[in-house]
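Engineer: got a predicted structure here, sequence first:
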Amino acid sequence: MSENSLRMLMTLRDDSERVAEICADLTDFLSQQTGVKLTVVGTPDQLKLGRRQMDLILVLGGDGTILRTCRQLGAKQLPILGINLGRLGFLADLSPTEFRQRFGEIQSRRLAVSQHLMFSCRLTRADGSHETHLGLNEVTIHSGAALRMLRIDLSINGESVTTYGCDGLIISTPIGSTAHSLAAGGPLVRQDLQAFVITPISPHTLTNRPLVDRADGVYAMTVPDCPEGTTLVIDGQIKRPLSAGDRVEVKQATVNFQLARLRDHSYYGTLHHKLGWGGLPNGSR
């Protein structure tokens, strides 16, 4: 961050009345702070940095808004501080009240900025056309409207690993391990590890268990017998129909997601609070 004034850009979950009211309240609060420059740009889709120099991106919303924001930043990743308006908020875990109460720490740069794995997902069609997307949470191939079991071939660095018989397959980052992958039975992976998690959705073979592997590999998925309705989903937000002959490749992105948090933040404290880890059941010894 710069040593002079704190230059912040705020992006919003949506244009709803509630979000607008909270934005107005925080904007008024920040306007009263010395040495603070704030720019509000609206929703993440409207975020264009251009040549503007920013120290911190404020995301007013939930984890989904953070996903959209870091994708929109593309190759120009900046520290992101989430102000939670959602429910769980694994990434955006600071309430608007806490933001105001502890703004002195933020302004004096008493923040911990951690670097996290992002991925690049390339979809190559059978006709040779292709598109590539940056993401943070996960890539999922899902049976969707097909309502049929899929047979998904997985290879890593060109080596065939297995064919999953399942309703879908998830390749997630450690950040994404607390999202769709966790709901499908995948492991919790500490957020700062460099690894991918492969989690089958409702596997039809009990020996098909979640797999954790290195982040520097190339993970390729194909669905040779691809029923209509099979869908590629990136971060739960980008959706593309798949057909036989299409190939999905996932690999480590050239940029990292930069997550800003107050220095007393605890990863395991967040898991304890968000997942309701309360220790032993009542009456246990």
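Structural biologist: Yep, it's here.

Engineer: hey, let's count contacts and neighbours off CA atoms from now on
Structural biologist: Will do.

Engineer: wouldn't Ala179 be in contact with Asn137 here?
Structural biologist: Yes - contact criterion Cα atoms under 8 Å: Ala179 and Asn137 qualify, at 7.5 Å.

Engineer: who has more neighbours, these two?
Structural biologist: Neighbours were counted for Ala179 and for Asn137 using other Cα atoms under 10 Å; Asn137 has more, 25 against 20.

Engineer: where exactly do the helices run in the stretch 1-150 of the chain?
Structural biologist: 17-31, 63-73, 96-101, 103-107 (DSSP state H, counting those that start in this stretch).

Engineer: of these, which approaches Leu275 most closely?
Structural biologist: helix 63-73 (15.2 Å; Cα to Cα).

Engineer: packing partners of that closest one?
Structural biologist: strand 56-61, strand 80-84, strand 130-135 (3 or more Cα pairs under 8 Å, 6 or more residues apart in numbering; DSSP states H and E).

Engineer: quick one: average pLDDT of the first one?
Structural biologist: Translated: strand 56-61. Strand 56-61 shows a mean pLDDT of 97.

Engineer: Ile22 is nearest to which of the helices and strands packed on helix 63-73?
Structural biologist: strand 56-61 (8.6 Å).

Engineer: what's that closest one packed up against?
Structural biologist: strand 6-12, helix 17-31, helix 63-73, strand 80-84.

Engineer: so what are the sheet partners of that strand and their directions?
Structural biologist: strand 6-12 (parallel), strand 80-84 (parallel) (DSSP bridges).

Engineer: any idea how far the last one is from the chain center?
Structural biologist: On the basis of Cα atoms, centre = their mean, to the nearest Å, the separation between the geometric centre of strand 80-84 and that of its chain is 13 Å.

Engineer: now the strands for the stretch 151-285 of the chain?
Structural biologist: For the stretch 151-285 of the chain, the strands defined by DSSP state E, counting those that start in this stretch cover 159-166, 168-172, 195-201, 211-214, 219-222, 231-234, 238-241, 247-262.

Engineer: what's next to the fourth one, contact-wise?
Structural biologist: Contacts to strand 211-214, defined as Cα atoms under 8 Å, 6 or more residues apart in numbering, come from residues 194-199.

Engineer: what are the pairing partners of that strand, and which direction each?
Structural biologist: strand 195-201 (antiparallel).

Engineer: and the strand it pairs with, how far out from the chain middle?
Structural biologist: Counting by Cα atoms, centre = their mean, strand 195-201 comes out at 15 Å from the chain centroid.

Engineer: and for stretch 187-202?
Structural biologist: Counting by Cα atoms, centre = their mean, stretch 187-202 comes out at 12 Å from the chain centroid.

Engineer: end-to-end on it?
Structural biologist: 15 Å (Cα to Cα, to the nearest Å).

Engineer: for stretch 187-200, same thing?
Structural biologist: Termini of stretch 187-200 sit 12 Å apart (Cα to Cα).

Engineer: same question for stretch 146-166.
Structural biologist: End-to-end for stretch 146-166, by Cα to Cα: 12 Å.

Engineer: what about Pro187, how many neighbours?
Structural biologist: Pro187, neighbours per other Cα under 10 Å, totals 18.

Engineer: hang on, it packs against Ser177?
Structural biologist: Yes - using Cα under 8 Å, Pro187 is in contact with Ser177, at 6.7 Å.

Engineer: intersection of neighbour lists for those two?
Structural biologist: With Cα under 8 Å, 6+ apart as the test, Pro187 and Ser177 both reach Val197.

Engineer: report the beta-bridge partners for Val139.
Structural biologist: Beta-bridge partners of Val139, as defined by DSSP bridges: Ile171, Ile234.
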